[in-house]
Structures are given as C-alpha cells and as structure tokens.
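Chemist: Dropping the sequence and predicted coords here.
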Amino acid sequence: MAMTAEQTRAFYPAWAERFAAEREALIALDGKVGDSDLGITMSKGFAAARDAVAALEEATIAGQMKAAGAALAKAAPSTMGTLMATGFLRGFKALESAGQFGTPEAATFWRAYAEGVAQRGKAQLGDKTVLDVLDPIAAALEASGSPLPQALDEAVTAAAAALEATKDMVAQHGKAAAFQEKSRGLPDAGGTVAVMLVEVMRDVAHRP
Amino acid sequence: MAMTAEQTRAFYPAWAERFAAEREALIALDGKVGDSDLGITMSKGFAAARDAVAALEEATIAGQMKAAGAALAKAAPSTMGTLMATGFLRGFKALESAGQFGTPEAATFWRAYAEGVAQRGKAQLGDKTVLDVLDPIAAALEASGSPLPQALDEAVTAAAAALEATKDMVAQHGKAAAFQEKSRGLPDAGGTVAVMLVEVMRDVAHRP
Amino acid sequence: MKKFLNTPEAFVDEMLEGIYRAHPQVTHAAGDLRCYVTANPVPGKVGIVTGGGSGHLPTFLGFVGENMLDGCAVGGVFQSPSSDQILEVTKHVDQGAGVLYLYGNYTGDIMNFDMAGELAELEDITTRTVMGNDDVASSVVGEEHKRRGVAGIFFLYKAAGAAAAEMLPLDEVARITDKARARTRTMGVALSPCIVPEVGKPSFTIGENEMEIGMGIHGEPGISREPLKPADEVVDVMMARIFAETDYKSGDEVAVLINGLGATPLEELYILFRRVSILMEERGVTIRHCWLGEFATSMEMAGASISVLHLDDELEPLLAKPVNTPFFKHIKV
Amino acid sequence: MKKFLNTPEAFVDEMLEGIYRAHPQVTHAAGDLRCYVTANPVPGKVGIVTGGGSGHLPTFLGFVGENMLDGCAVGGVFQSPSSDQILEVTKHVDQGAGVLYLYGNYTGDIMNFDMAGELAELEDITTRTVMGNDDVASSVVGEEHKRRGVAGIFFLYKAAGAAAAEMLPLDEVARITDKARARTRTMGVALSPCIVPEVGKPSFTIGENEMEIGMGIHGEPGISREPLKPADEVVDVMMARIFAETDYKSGDEVAVLINGLGATPLEELYILFRRVSILMEERGVTIRHCWLGEFATSMEMAGASISVLHLDDELEPLLAKPVNTPFFKHIKV
Ligand SMILES: Nc1ncnc2c1ncn2[C@@H]1O[C@H](COP(=O)(O)OP(=O)(O)O)[C@@H](O)[C@H]1O
Ligand SMILES: Nc1ncnc2c1ncn2[C@@H]1O[C@H](COP(=O)(O)OP(=O)(O)O)[C@@H](O)[C@H]1O
Ligand SMILES: [Mg+2]
Ligand SMILES: [Mg+2]
Ligand SMILES: [Mg+2]
Ligand SMILES: [Mg+2]
C-alpha cells in the first residue's frame, strides 16, 4: 500500500489548494500575536512548491521534496517559509534513496522535517512552535504498525491533540514571543500549519 | 614740526590706553545693533599692537605700523580687528621710505588706511561704516596747509562731523545690516573707533 | 518622516539602482538587484559572502570589493534576505575554493544563511560560517553566543578579506575570521531613533536629554537609559565595559573603530576618539589602526559605537592590507 | 542639544586633538592646533591652502593630504579663522613655488584670507586666490560673484591638488582651479536645522513636512520653502536650476557629487543619484566621475546637495588623479 513517486506528486497541488483556501484564516490567526503574514507566505510558498514539482520531468520522491523545499525558500523568506523549506530539504536528504513512500518513509520524512525545523529555529519542545506539532506527528508514525493511510490517520489525531496542547504554552520565539502571557490560550500559528500539512498528506494517501 | 620715528612710537601706548578706557562704552555701542564685541576686540587688539611696537629694538615709522598691523590681525580676527590691521599695514606700505611723520605723511597714512579698509570690506562711502569717518580724516589732512598738530586738529573736527553724519545712514555691512532702519539715528560703532584713533594721534602730536 | 525617497516600497531597490549606476565595480546576479556581487571575482579565491537587512550603509554591501568581500545578499530595511538570494550570491562568487558566510548574529539571518548553506551544499559548494557577535551590551560574559553583531564586523570583514586575498584555503580563512570575531568588542550609545520607511514612524522614543547605552542598531533595548553626560564620561562608561572583559596589556596593539550611527557628526566622533586614545595610552596600549566615520548605521539614528579589536601578529598585517571598495578604501600610510 | 562633547568652548580644539591623535599624516604649525598642515610637504610644489569655519567635516581640513591640499586654517564653528592663522599655515606649506588660497565665498573668510595674503607678501610668499561660489541658489545669473561656496569646492580642491601635484606653476594652478570653479554648480535642499554648540539651540525652524530648496550650509535662506516631495521630483527641481544655466551637450562629460548635509542617510543619497543619472542619460551626458557621501556637512543638519562639474579635456584627468587624505581617498578603478 506504499505510494509510488508518481503518486506522491499529488501532495503538492493538494497542499497548494489547502493553503490557498486557508489564506485568510491563517492571516487572522497570525494577526493575534504576530504580524499577519502567515497566510500570505504559506499560500505563496506552497503555490511555488506546486509549480516547481509540476515542472519536473521525472522525479524521485526525494527529488520532489528537494524542488518543493527550494521553491519555498525562494518564494517565502519568512520564518515559517524558511522552516518549511528546511523541513522539505531534510526530507529530501533522508529519503534520497527511497523508491516508495510507506509508513517507514513517512516516519523518516516527518522526523527529518521536525529535526530540521528544531535545528534551524533552535527551538525546544514546549517553546510553542510548529515543532510542538511536528514532533508528535513523527512519533505517531514511528510507533505505528499500520499501513500508510491508517498510520497518517493516527498522525493527524496526534497532531490535533498536540496543537490543542500548544494553547497552554507561552511563545518563546518569533514575533509572538514579545506577547508572552498574551499568547497563552491561543493555538500556535505555525503548529496550525503543521496540522494542515499532515491532514492533506493523509487525504491524498487515502485516495483510491 | 614733523614727528620722528622715536616720537611716533608714543602713538601705540596712547591708543592702547584709550581703547582700554573706552572698552565698556564700545561694548555698549556695538550692543545696540551688533554683537557687543567691539570693546573687547579693540582693547585687546591695541594692547597687542602696543606690545608689538614696544618689543621692536629699533624701528622706522612704517616698521612700527607693520608690527601694529600684524599684532592686530592676530589678536583680533573680528571685522573691525581685521579692518584696523589692514589700515596699519597699508600705512606701512605707503610710508615704507618715510623718514618723518608730518602732515603729508599723515595724509598718506590715513588715505592708505581708508583705501585699505574700503578694499578689504568692499564698502562704499555712505554704507555707514568706519570708512565714512576715515575718508573725511584723510581728506582733511590732504587739504590742510598746517603743520601736523594743527592739521590733526582739523582732521578731528572733520571726523566728529563725519561720525555725526553716519547717524542718518542705514547700515549695509556686518551684523548691523540686519537691523536696517533700526540702525538709523545711531552713530556707526566702527566710525566711533576711527574718531578715537585720530583723537589720540592728535593728542600725541600736540605733546611738547 | 523626512526622507528623500519615492515610495517606501521602492526604497531598497531604487537605492540599489543608484549604487549600480554609480559603481561599475559591482553588479547583481540572477537578475535580482538584491543579489549584489563584485564585478571582478578572483579565480581560485575563497569567496566571502555577507548579507543582512538594508538601512545600515555602508554595512553590509559597502564592503564588497577588492581584498574584502565578494558578495552580499540584500534584505529589506532591517529584514533578512532570503536563503535563495544568499544562494544566488554564493553560486555567483564561488570560485571553486568554497565560500565563507560572514554576517551578524540575528535569528532571521541565521536561518536564511544556514538554509542557503544547505542549498549550496546540494550544488557542491562548501561553505563555512562566522557570525559577528561583538555587541557587549547584548548579553553577559559566558553567553557571548547570544550577542548581536554590530559595527565590529568591519574588522572581521577586513581580516577575512585579507586572508582570502592571500589565497588561504577556506578553513584557514574561517579560522582567522573566527579569531578576529573572538577578539572584537563593541559598545554603542544611541541618542535618537530612526524611521523604517515602510513603518513611517520612529522605532522608539527617548527623552530630550537622554542617551541609551548599549542600544542595538535596530533600536533593541540597551543596558541603561541615562541623562546625556559629557563626551569623556560617556566614553569612560563604554570603555569600562570593554576593558572589563578583555586583557589588553601594556605593549599590546589594538584596532579601534569609532562608528557614527547616522546623524552624529564626524566632529563628535573625533571628540570620542580623543578620549579612547587617552584611555589606551594610559594602559600602554597602542592604537595601531583606527577608523572613524559611518560604518554601520541605522539610517538617521544619532549615536555612536566604539569597537576594539585586540590585534596579534597574525591579525595585524591582515588588518593593514589595502582595500578598495566603492564605499571604503584603505591605503597604506 | 544632543551632542557628544565636553564643553562647547572645547568642541573645536578637542576635535582637532582627536584628529591629530588619529592621523599622523597631518600635524599643526606654530604651536596652534588650528593651523592644520600636511606632515609631508612636497618640495618645490605650489602649496594649496584652504580654511573656514568648523562644523563642516570633512570640509575643510579633511582634504589636506597627498595630491590634494597642503594646509587648512581652522575657525570656530561657522566662523572664519584669523588672518594670522592663515598666515602661519601659509608660511608652513610654502615650498618656494607660492601658495594658492582656495576657500568659500564668505565675507569673514575673504577679509582674513586677503589680509593673510598681504602679510604673506611681506614675507615674500606669492599667493593667488580662488573662491568657490558654486551655490546656484544664493544669487542670480550675472551676479555669480555673490554666490556662496558650498560642497562643489570639492571639485576645485581635486583639480587644484592634482594640478599642483603635477608641479605646474602657481599661475597655472590658479587658472585651472578657476576654470573648475567657473564650471561647477551646486543646488542644495535642507530638511532640518543644526545646532552650533556655543549657541545651543537650532539655527532655524522648519515644518515637519517642509523642505527648503537652496538653503545654505549655515542655514542661510534659500529660494523656496515647500512641502517635501518624492525624491525624483526634488531632484528634478534642483537639476532644472542647474540645467538652466549650463550648456551640457550630448557627448559631454560631467563629474557629480551627491553630498549629505549630515543626518541624511547614504541610502537616500543613492536614491537621489539614481534620478540625477537618469536625467543626465536623457541628455546624452556621461557621468564620468561621481562621489556620494558626506563632503560638506552642517553637523547634524538633514538634507543634501547636488554638485556638477562640467568636465573638459584638461579637467578630466586632473579629477581622475588618485588622492589620499585621512578623510578622503580616491583610487583609480
Ligand atoms: N525559532 C523558531 N523555531 C521554530 N519555529 C518558530 C520559531 N520562531 C517562530 N516559529 C514558528 O513560526 C510561526 C510564525 O511564523 P511566521 O509568521 O512566518 O513568523 P514571522 O512573521 O515572525 O517571520 C510561529 O507560530 C512558530 O510556530
Ligand atoms: N564690510 C565692511 N566694510 C567696512 N567696515 C565694515 C564692514 N562691515 C562692518 N564694518 C564696520 O565694522 C563695525 C563693526 O565691527 P565689529 O563689531 O568688529 O563687527 P562684527 O562684530 O560684525 O565682526 C561696523 O560698525 C562698521 O563700521
Ligand atoms: Mg508572522
Ligand atoms: Mg561686533
Ligand atoms: Mg549619516
Ligand atoms: Mg553625518
């Protein structure tokens, strides 16, 4: 039930579509304790990633990730844009020789993604960042014995719970950090993006 | 009845004494439509001229003027300081070969002085400056057939009348020019200095 | 906001257009005005790439030129350039010997340079990184890695540029530059704020007779806000912080940079230098090199900083090496 | 008044002390800090002496150095030096070939330089005088002799210095310098006032959104006070005055100086230059040399000026000649 390189191509237009749809919602969310750019940068960045992958003649699963990461970095030099670009490029490196995308590869991808973000952002778990959602996604996939679609269902559940948990945290990084206690009670904006990322991946993996 | 080089030396301490005595009066006068520095610069400048001439071992009449002019330039770089320095240096040049100081030499001195000031200050007669007093002094001496003491009496009379006449003028140069019509009715400060200069010269020439 | 500009949005790009029109020694790569590179790369030489936000001229791009830097990725006012821009600059300046990334210690810049380094690696370009962290006021001793990079990066540029010009390999250039970094300290003081064009109002307020000691070049809070004191006292306070964490001994040599933040006249910088010179003299320390002027500005902010590099036998000749960029020239006396 | 200084009275002399401590290439004559001279006079060369009030750094003293000026008499802030100080500088720099006095057209300076020239003559030193009068705004065409000297004197310094360095005789140096003078035009615009230390308050006031076109560098009134316009429009207004009284033809060459008055950031000067460059391009005129930065300041005044020198075959190579002073360096590209 693992996905082929031909199938994983479908992630990218799906992400682009989702972030285009969530544009205003993310702007509003980032606006509460940030600078309102998140909806703009994510929709722009993932549209660029979609176009970059679509432009590839033939590409491995990792090759798609590389193109997406490079496109994100170029189109969205904001904090989250750079972090997401990093995640994809780390995924590319970790899966360079992968011929398919099943549960173990998904686990490898999200772990590399989370580690890349942690390293790039110098964030720790509990700092109320996208990392607080990425790490549980990777952990859920690592622990799962299910095939990819079901394993991603488990990852989405973990991600949603993790996002809920960020409400109790106080932001330590980025623009939100300046708001400190005011950030408590709100879900982390970057974490919300991570939930969307894995939801879209799940949806595509469930396609017949 | 012409003065010798030994005798003209006496001008310098006499000028220094006079300007020391007039210090406050000149400050007050310049303060009306200027910056109140005239009493300071004239007392300082002529004290320096006195010292410079006193320091000369042996000196011609012109040599004394040269030393005085250089000392004035150094000690008082204000407008009147520079103009008075110019006057003395022009006197020096005009009288370079003079062996005595009689009425013709006095006329030459004051004419050179007035021309130097006019040239340095680019002033015209009627501009309400020291020139409006210097020129009549020179003219009186040029016209006089009297020996030096009497010729200088005539020059002093002309100077006093000329100073009186500056009251009707409107200042065209220096700080007073900014006051324009307000300067009308007041005697020119620099002209007042010129009257003092020639008065002192007259007094010394009358000494037995 | 009293600035000569057409629109806040065009501020950076029109400035760059002006620079390219004025100085044929520099050009841009990848069709992007903000990918600023030397027009005369030296074959086989280690490339030195910097970058950071605009609004600090001549920092950063002003030091691209002969015997100094090879490229600069130019961000918006006080904003990081993108990793992609850094990558394009990197690709353009790489001459096969690798590239040193040399920039100030700020989160946005770090993320984008790190990212660019990884992208460069994918293209088989080796990179090393040294980050300026000279601002004594921005963190305590023991936490130097948290310190901001400010005007002192000039010394790092000079050391790195000279080392690369002598055709040393990348690791050597990085080692030397890192040594210069470790031996550089800066203290700054701000007297007035500046205005980011797209924001249109001052970044902070400060009383008519106040100064902020240790304020950062983007208006980051400093150590203390106090009444403005006579210049010698201000220098004494600043230098006390530098002396406290350095070990200059009699006979040692230093390089000193008195940097104007923007509005402060050169006259005043010399009054500050006079006192620095006296303090060094008292300690038997020789100021072997000194530079005064605007090196790392915050547009029209008033204020100044003092940077000191503790020289050694390796760094001194590198600092002495002549340099020729459109914005900065150093000729041997 | 937010300035780094100890006392207003010591402002000029402590600045000079800082300069002498920083730059061994210059020294002072006659035991007077204000008699600023090169430490390396060139035997047999015509000496170039300038002078004027302080508060305009790097003007005037900053241009004393190799291939440029030989000495500068330094006055108080915005005040003329004394003729005696000018004389001492003259005596020190005279190398037997005579001395050119080259300074701005201001009454106080004229009186003192004229005076010094007469005193120098008494010491058998021949002098000639050229006065910068580049400020288009300060008088109408036909009355150019009444115009103030402002930043454009930089071109005169460069031409005179180069001519003297080529060992031309005094009359030739004066002729060439006077030609550069006649072919130089400057227009300035001020956005904010400055404070003379001994006065302690701003020299004039100007509205939050106003600019004064043509204001002098001591705050002398200009041509018009208007709302601040976009940079390109400001340049168009300024350049229209310059174009109106010059005859640049397609194929001609000019040198351009974009000068910051003090607080205006370099970024903005490049935005101004961009437009000047476009206007010249439209006319087919080549900007053969350009300089941007602070050349003639009014301490912390905000504003800028544009100076243009209409080059010819004689002036161009002189302007191109390398220069090395503590404050200004020009290296052939
Ligand atoms: N240092 C960091 N490490 C990891 N994630 C971070 C860091 N800083 C910010 N973030 C994430 O980025 C999100 C904000 O993204 P974005 O709006 O792009 O930031 P900015 O507008 O400050 O550039 C935050 O909600 C958080 O999840
Ligand atoms: N251009 C000039 N030419 C001749 N005399 C002048 C000129 N300008 C000013 N004066 C004279 O100088 C006097 C003022 O002298 P002073 O107080 O030294 O001037 P300031 O304080 O402006 O330097 C005036 O009363 C006038 O007689
Ligand atoms: Mg944001
Ligand atoms: Mg006066
Ligand atoms: Mg500035
Ligand atoms: Mg300045």
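Modeler: Nice, thanks for sending it over. Numbers count the residues shown, from 1 in each chain, chains lettered A, B, ... in the order given. Ligands and ions are numbered 1, 2, ... in the order given.

Chemist: all helices for the stretch 51-200 of chain C, in order.
Modeler: C:83-93, C:107-122, C:153-165, C:170-182 (DSSP state H, counting those that start in this stretch).

Chemist: Name the residue of chain C that lies nearest to chain A.
Modeler: Using Cβ to the nearest Cβ, the closest approach of chain C to chain A is made by residue C:82 at 3.1 Å. Heads up, the C-betas are built off the backbone N, CA and C, glycines and all.

Chemist: Once you drop chain neighbours, what's closest to that residue?
Modeler: residue A:77 (3.1 Å; Cβ to Cβ, 6 or more residues apart in numbering or on different chains).

Chemist: My guess is the one you found contacts residue C:116. True?
Modeler: No: Residue A:77 lies out of contact with residue C:116 (Cβ atoms under 8 Å); the separation is 10.3 Å.

Chemist: Give the intersection of the neighbour lists for the two.
Modeler: C:83-84 (Cβ atoms under 8 Å, 6 or more residues apart in numbering or on different chains).

Chemist: Show me which of the two is the more surrounded one.
Modeler: residue C:116 (31 against 27; other Cβ atoms under 10 Å in any protein chain shown).

Chemist: how near is the residue nearest to that one when sequence neighbours are not counted to chain B?
Modeler: Leaving aside its sequence neighbours, residue C:116 sits nearest to residue C:86 (Cβ to Cβ, 6+ apart; 3.5 Å). Residue C:86 sits 58 Å away from chain B, taking Cβ to the nearest Cβ, to the nearest Å as the criterion.

Chemist: Next, the contact list for residue C:86, please.
Modeler: Applying Cβ under 8 Å, 6+ apart, the residues near residue C:86 are C:49, C:51, C:73, C:101, C:112-113, C:115-116.

Chemist: now, which of the residues you listed sits nearest residue C:276?
Modeler: residue C:51 (30.0 Å; Cβ to Cβ).

Chemist: Do I have it right that residue A:112 meets residue A:94?
Modeler: Yes: judged on Cβ under 8 Å, residue A:112 makes contact with residue A:94 at a distance of 3.8 Å.

Chemist: low-confidence ranges in the chain?
Modeler: Here I'm looking at chain A. A:178 (pLDDT under 70).

Chemist: Actually, chain C is the one I wanted.
Modeler: C:333.

Chemist: Following the record's annotation, map out the domains of it.
Modeler: C:8-182, C:184-330 (automatic domain parsing).

Chemist: Buried deepest among those, which one?
Modeler: domain C:8-182 (a mean of 23; mean count of other Cβ atoms under 10 Å in any protein chain shown).

Chemist: And ligand 3, is that domain touching that?
Modeler: No: residues of domain C:8-182 contacting ligand 3 under Cβ under 5 Å from the ion: none, with a closest distance of 11.6 Å.

Chemist: what distance separates that domain from the centre of its chain?
Modeler: Relative to the chain's own centre, domain C:8-182 is displaced by 10 Å; criterion: Cα atoms, centre = their mean, to the nearest Å.

Chemist: what's the closest non-adjacent residue to the residue of the stretch 1-150 of chain C found nearest ligand 2?
Modeler: Among all residues of the stretch 1-150 of chain C, residue C:2 sits closest to ligand 2, at 33.3 Å; criterion: Cβ to the nearest ligand atom. Closest residue to residue C:2 apart from its sequence neighbours, by Cβ to Cβ, 6+ apart: residue D:191 at 4.5 Å.
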